[in-house]
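Trainee: Predicted model and sequence follow; I will ask about them next.
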Amino acid sequence: MRREGSQPIINAMHRPTVMGVINVTPDSFSDGGRFADAEAAVAHGVRLATEGAAILNVGGESTRPGSEPVSEQEELRRVVGVVEGVAALGLGAQLSVDTMKLAVAEAAVEAGATYVNDVSAFRHEPALAGLVADRGLDCCLMHMLGEPRTMQADPHYEDVVSEVKAFLEERLAAAVAAGVPEERVQLDPGIGFGKTVAHNLELLRRLEEIVAIGRPVVLGTSRKRFIGAITGRVAAADRVHGTVATCVLGLERGARVFRVHDVAAVADGLAVAAATLLRVPAATPPSPSNRASG
Ligand code: HH2
């Protein structure tokens, strides 16, 4: 199910879009090992699409702080069968590959992906921009200070928001120079990628400054460590409520794509927030039993 030359996500500037995470990894920080075999990963994709994910993001390399890089062969082995398996089901969700590697992106696109999520923003392999341009793909370019192995060592900024903004503007310009139409590009401040708790909160508080670049902003706060630092929730899976709060705050400040593990919870939070802030009508009328409870 290739969607070459498909329409850009036309409503990304308005309604919130949920991007569900499928980590096909043994070591991701919050769900490592749970979906490491392809069958479990595909079943998880079905569940996330049913819960309201319009984009499914398949990743085969953990980028958590301190993680070691994965070989190209291993990443291919993890990702391609899952993209193929989910694509074959025709769930209606857009398939995205979470990779910095050209060969992995190429194989995922052959298998049905139409969106490249590159946490290196085309710095790791600049030729990835050419693939996105040639195949008419959507992409997400994310800010990261340094590399996953060392990024949390001692991150320092004069002003985190203006530095992240300048970086994203530069990467957007580089993508456009490589032939990627601007309307295919989404931008992400990279929550937790070379940032302290204070940096993450400052980015969230002043997200409008990133939104002002003019491209849809992707927010990836899901279950991350700063939420644990604030709430005291040590287990990543216990950070769902904190995640919903960050997504609602992000929506109010203009973010439109939310990369999350807990799709049902976040979709509900965003639906209520969008109905309030954006006057987006409810997706389905309330059931009679819900109506009775007012
Ligand atoms: N965060 C992670 C991975 N990819 N992509 C974007 N665009 N934005 C993010 O914030 C982002 C991302 C890290 O989270 P996760 O995939 O859950 O963990 P791991 O890297 O350990 O697999």
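Mentor: That came through fine. Numbers count the residues shown, from 1 in each chain.
Trainee: contacting residues for F193?
Mentor: 63, 119, 142-145, 148, 151 (C-beta atoms under 8 Å, 6 or more residues apart in numbering). Yep, even glycine has a C-beta here, placed from its N, CA and C like the rest.
Trainee: contacts with the ligand among these, please.
Mentor: 63, 119, 142 (C-beta under 6 Å from any ligand atom).
Trainee: number of nearby residues for the last one?
Mentor: Okay, so that is M142. For M142, the count of nearby residues is 25 (other C-beta atoms under 10 Å).
Trainee: who does it bridge with?
Mentor: D188 (DSSP bridges).
Trainee: My read is that it contacts V217, right?
Mentor: No. Judged on C-beta atoms under 8 Å, M142 makes no contact with V217 at a distance of 10.7 Å.
Trainee: Excluding sequence neighbours, find me the nearest residue to G250.
Mentor: Leaving aside its chain neighbours, G250 sits nearest to L219 (4.3 Å; criterion: C-beta to C-beta, 6 or more residues apart in numbering).
Trainee: Do I have it right that the one you found meets A255?
Mentor: Yes. At 4.3 Å, L219 and A255 qualify as touching, with contact defined as C-beta under 8 Å.
Trainee: Verify the stated contact: A174 with D118.
Mentor: No. When contacts are counted by C-beta under 8 Å, A174 is not listed as touching D118 (11.8 Å).
Trainee: Phi, psi for K165 please.
Mentor: phi -60, psi -50 (degrees, to the nearest 10).
Trainee: quick one, what contacts it?
Mentor: Taking C-beta under 8 Å, 6+ apart as the test, what K165 contacts is 209-210, 212-213.
Trainee: quick one: it and T243, what's the gap?
Mentor: 24 Å (C-beta to C-beta, to the nearest Å).
Trainee: Mind exporting the C-alpha coordinates of stretch 170-188 to PDB?
Mentor: The C-alpha trace of stretch 170-188 is given here as PDB (Å, rounded to 0.1, in the frame of the first residue of the first chain):
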ATOM      1  CA  GLU A 170      18.000  25.900   9.600                       C
ATOM      2  CA  ARG A 171      17.000  22.200   9.200                       C
ATOM      3  CA  LEU A 172      13.700  23.200   7.500                       C
ATOM      4  CA  ALA A 173      15.700  25.400   5.000                       C
ATOM      5  CA  ALA A 174      18.100  22.500   4.400                       C
ATOM      6  CA  ALA A 175      15.200  20.100   3.700                       C
ATOM      7  CA  VAL A 176      13.700  22.600   1.300                       C
ATOM      8  CA  ALA A 177      17.000  23.200  -0.400                       C
ATOM      9  CA  ALA A 178      17.200  19.400  -0.900                       C
ATOM     10  CA  GLY A 179      13.900  19.500  -2.700                       C
ATOM     11  CA  VAL A 180      11.400  18.600   0.100                       C
ATOM     12  CA  PRO A 181       8.300  20.800  -0.300                       C
ATOM     13  CA  GLU A 182       7.800  22.900   2.800                       C
ATOM     14  CA  GLU A 183       4.300  21.600   3.300                       C
ATOM     15  CA  ARG A 184       5.700  18.100   3.800                       C
ATOM     16  CA  VAL A 185       7.700  19.100   6.800                       C
ATOM     17  CA  GLN A 186       6.700  18.900  10.500                       C
ATOM     18  CA  LEU A 187       9.000  20.200  13.300                       C
ATOM     19  CA  ASP A 188       9.600  18.800  16.700                       C
END
